[in-house]
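> return a 3D structure for these sequence lines:
(chains A, B and C)
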Amino acid sequence: MKKRTFYSLIAIALVVAVIGYEFVLKKQEHSEIIEQGSNPKSNTNEFFLPTSTTGQIIHHEGYSLSYSEPHEQAEWVAYELKKSHLSNANYDRPYFEIDQAVKTGAAHWRNYKNSGYDRGHLCPAGDRKYNQNAHDETFLTSNISPQDHGFNSGIWNTLEQKVRYWASKYDGVFVVTGGVLTNDLKTIGEEHVAVPNQFYKVLIDVNSGKIKMIGFLMPHQNSKEPLYKFVVPVDSIEKLTGIDFFPQLGDAIETKLEASADYKDWSFK
DNA sequence: CTGTGCTAC
DNA sequence: GTAGCACAG
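Now for the predicted structure:
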């Protein structure tokens, strides 16, 4: 081989290496935050979306979520429950489907079969009954977490119904809900879907004059205690989950609202 | 309302 | 896979 040809090959190799390296870097940058779906403003009037600790946010028509691949479920599901969303429509339950918008692959419903746990909705089907599509969309497995049946049909169901009551009474609320995802959880199924030990729900009402907020943290077991016993400061849930629930709020008001476990503004009738 | 599971095609 | 029905909290 001629010396000149040799150096030409070296030069070409260098160019290829640099381009390749840049390509990989670019790809990594993009993979840091995967975001699927349309702008959340089409989903919610305001931008009340929490931060993601997992880097994978997905917007559906009726709710948004942040998917945690290691736990095979959402770390949060967020949506606005307007008064006008409340409906007595009675849709048939569809089959659960894998959420194709989850690029890392959402769990299959078979993980839950004979596991002893319910496929517990995070955004309840009962909150999305304003049309068939919104209802059926809640049956994506990205919106599901393993829940004990007694818990799901008991205290958790009671809380979900109370949220609907508040949505009606206060003309709409923003809801964020999920399981507390840690690293030492029991799992079910071949894909190892984590079973949370606690579930949370955070609400904010911006439609009733002064902004009010409330947080609930529940052990993953049924309870006959009244709902208000589970009220905690929202920042205690943020500490547990690493999620910032309302980064859009001004710091001053956010700090004040999130530090409080005061529920006097929320009617528990 | 929240769900599971069995049977049959 | 899907439809129907019984069942449980």
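> pLDDT at the residue in chain A positioned nearest to DNA strand C, what is it?
Nearest residue of chain A to DNA strand C (Cβ to the nearest atom of the strand) works out as residue A:153 at 3.3 Å. (Glycine included, C-beta is placed from N, CA and C.) Each residue has a pLDDT score; the one for residue A:153 is 96.
> give me phi/psi at it?
phi -90, psi -10 (degrees, to the nearest 10).
> next, count neighbours for it.
By the criterion of other Cβ atoms under 10 Å, residue A:153 has 14 neighbours.
> what does residue A:162 give?
19.
> equivalent analysis for residue A:69, please.
Applying other Cβ under 10 Å, we find 15 residues neighbouring residue A:69.
> same check, this time on residue A:119
Using other Cβ under 10 Å, residue A:119 is surrounded by 20 other residues.
> neighbouring strands - and their directions - for whichever helix or strand it is part of?
Counting by DSSP states H and E, the element that carries residue A:119 is strand A:118-121. Sheet pairing for strand A:118-121, assigned by DSSP bridges, gives strand A:144-147 (antiparallel).
> can you list the buried residues in the strand it pairs with?
A:144-147 (16 or more other Cβ atoms under 10 Å).
> dump these to CSV, plus pLDDT.
As requested, those are exported to CSV (pLDDT from 0 to 100):
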residue, pLDDT
A:144, 97
A:145, 98
A:146, 98
A:147, 98
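> where does pLDDT dip in the stretch 1-150 of chain A?
In the predicted model of the stretch 1-150 of chain A, residues A:1-33, A:38-47 satisfy pLDDT under 70.
> enumerate the residues of it near DNA strand C.
Residues of the stretch 1-150 of chain A found near DNA strand C (Cβ under 7 Å from any atom of the strand) are A:95, A:149-150.
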